[in-house]
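[1] quick one, fold the following:
(4 chains)
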Protein chains: 2
Amino acid sequence: MARWEPHASERLAEAALELFAENGYENTTVVDIAARAGLAKSTFFRHFQDKRGVLFGEDVLTGVLRAAIAGAPEEAGVLEAVACGLAALGREVFTAERRPFTVRRRAVIETHADLQEREALKGVNLTAAVGAALVERGAEVMVAEVAAELGALALKRAYEQWCDLANTEEFADVARRSLDGVKAAASAV
Amino acid sequence: MARWEPHASERLAEAALELFAENGYENTTVVDIAARAGLAKSTFFRHFQDKRGVLFGEDVLTGVLRAAIAGAPEEAGVLEAVACGLAALGREVFTAERRPFTVRRRAVIETHADLQEREALKGVNLTAAVGAALVERGAEVMVAEVAAELGALALKRAYEQWCDLANTEEFADVARRSLDGVKAAASAV
DNA sequence: GCAGTGATGGGACTTGGTCTCATCACTGTA
DNA sequence: TACAGTGATGAGACCAAGTCCCATCACTGC
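    Numbering: from 1, shown residues only, chains lettered A, B, ... in the order given. Predicted structure coming up:
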């Protein structure tokens, strides 16, 4: 095996994504993944916490959202601050370059409950972080939590649309439209 | 071992809850749980899908919520229908009788990410079911999803308050107040 | 040329989870 | 009373996930 080739984590993630798509998540062992990446099982667990972790690398979403919300104009309301966060995600995470990877990753996650569980917890934690960031901007706790929840819904819908095969729009545009829709629905409730 | 004693599932769940509280989730093996319940490992997995499943028996929440929302008065708005659902939970699930068990269960879940993941996915699915139930009542999809999200937030907060040691109120009252608070915050967003 | 550093390989080990087969208690029937 | 059928259980083999330890390798600086 070729030791010391760089980007072990990326190779493992790519191998995992391929094998999950080819044979399914359940029928793919960690040894399989490591082998395709030219590495050993023990090395896999040095790079990722567990088998699922290979699809959930560093949590970059939270940091981007927190920073963008903290940096939103002072006069912006809570939902406007959330909109800044979503726009930042479009610039730094959900870029056209990363779209193919994101689409493949999402397709795999939809095939297995274990992966959906982790995704769900990530979503819950992300929403909590957004709420906390809004509170730090001076919003009332309850208002912040509601805004965070509405933002999470908008993000979820935007993410799904953006991953849709037919989609050609940039994430920021999809997200802006999604958030406006959620806002309108919220005032109709 | 005493075979054929009844209520195997309940005995396993009780044993698990005790052991998780005594030694922690990680330090408790399925064999330990089965042994305390006077059963074998293979029997454990006949009653529960996996180790985590012992804390997440039958999903009764979804059914109760769906039924209550479907049975809400026709003239009730979406949030009022959600309120009917929360009240039903107070009557059929979060009863005074079950409170001790629920409190202990919640305390254990908070100690381990694996359990939180499952809880998070259950929450996501529950929210989706509420949204679908509201759509079936005739609500617009977007409005239904927003109402479901707000209801989920209210439920989460009510659940936490109700589980609080100092609490003596009935769940329905806590939930009603929680939902009103969420509603007020939503109109302030 | 040599020691230090850090990533890797390899294998032993525990536990979660699946599967199969034998065993036991209870039931209905003759 | 005897006996076959049914369903839950016990026991154990087996595989994969995940942990741990130690030897090994490539690279760096001296």
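
[2] quick check: phi and psi on the spatially most central residue of chain A?
    Per Cα atoms, centre = their mean, the C-alpha nearest to the average position across chain A is that of residue A:61, at 6.0 Å. With angles defined as degrees, to the nearest 10, residue A:61 sits at phi -60, psi -50.

[3] which residues of chain A score low on pLDDT?
    A:1-4 (pLDDT under 70).

[4] tell me how far the residue nearest to the centre of chain A lies from residue B:183.
    29 Å (Cβ to Cβ, to the nearest Å). All C-beta spots, glycine's among them, are computed from the backbone N, C-alpha and C.

[5] likewise residue A:25?
    40 Å.

[6] so residue A:15 touches residue A:29, yeah?
    No: counting by Cβ atoms under 8 Å, residue A:29 is not a contact partner of residue A:15; they are 11.8 Å apart.

[7] and the two? which has more neighbours close in?
    Using other Cβ atoms under 10 Å in any protein chain shown, the more surrounded residue of residue A:15 and residue A:29 is residue A:15, with 21 against 13.

[8] mind giving me the packing neighbours of the helix or strand containing that one?
    Secondary structure assignment for residue A:15, by DSSP states H and E: helix A:8-23. Here helix A:8-23 touches helix A:30-36, helix A:41-47, helix A:99-109, going by 3 or more Cβ pairs under 8 Å, 6 or more residues apart in numbering or on different chains; DSSP states H and E.

[9] can you confirm whether that helix lies near DNA strand C?
    Yes: counting by Cβ under 7 Å from any atom of the strand, DNA strand C has neighbours in helix A:8-23: residue A:8.

[10] other residues contacting that helix?
    Residues outside helix A:8-23 that contact it (Cβ atoms under 8 Å, 6 or more residues apart in numbering or on different chains): A:5, A:28, A:32-34, A:36-39, A:43-44, A:47-48, A:54-55, A:57, A:101, A:104-105, A:107-108, A:111.

[11] check which residues of it are buried.
    A:8-9, A:11-17, A:19-20 (16 or more other Cβ atoms under 10 Å in any protein chain shown).

[12] hey, C-alpha coordinates of it in PDB?
    Coordinates of each C-alpha in helix A:8-23 appear next as PDB, following Å, rounded to 0.1, in the frame of the first residue of the first chain:
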ATOM      1  CA  ALA A   8      -6.000  10.700   3.800                       C
ATOM      2  CA  SER A   9      -9.200  12.100   5.100                       C
ATOM      3  CA  GLU A  10     -10.400  13.200   1.700                       C
ATOM      4  CA  ARG A  11      -9.500   9.900   0.100                       C
ATOM      5  CA  LEU A  12     -11.400   8.100   2.800                       C
ATOM      6  CA  ALA A  13     -14.400  10.300   2.400                       C
ATOM      7  CA  GLU A  14     -14.400   9.900  -1.300                       C
ATOM      8  CA  ALA A  15     -14.000   6.100  -1.100                       C
ATOM      9  CA  ALA A  16     -16.800   5.900   1.400                       C
ATOM     10  CA  LEU A  17     -19.100   7.900  -0.700                       C
ATOM     11  CA  GLU A  18     -18.400   5.700  -3.700                       C
ATOM     12  CA  LEU A  19     -18.800   2.500  -1.900                       C
ATOM     13  CA  PHE A  20     -22.000   3.600  -0.100                       C
ATOM     14  CA  ALA A  21     -23.400   4.600  -3.500                       C
ATOM     15  CA  GLU A  22     -22.300   1.300  -5.100                       C
ATOM     16  CA  ASN A  23     -23.200  -1.200  -2.400                       C
END
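
[13] next, the angle from that helix to helix A:99-109.
    60 degrees (axes from the mean of the first three to the mean of the last three Cα atoms, to 10 degrees).

[14] and DNA strand D, is helix A:8-23 touching that?
    No: counting by Cβ under 7 Å from any atom of the strand, DNA strand D is not contacted by helix A:8-23; separation bottoms out at 10.3 Å.

[15] which element is the nearest residue to residue A:52 once chain neighbours are set aside on?
    Nearest non-adjacent residue to residue A:52, counting by Cβ to Cβ, 6 or more residues apart in numbering or on different chains: residue A:118, 5.2 Å away. Assigned by DSSP H and E, residue A:118 belongs to helix A:113-136.

[16] now for that helix, which elements pack on it?
    Counting by 3+ Cβ pairs under 8 Å, 6+ apart, helix A:113-136 packs on helix A:61-70, helix A:78-92, helix A:99-109, helix A:141-163, helix B:113-136.
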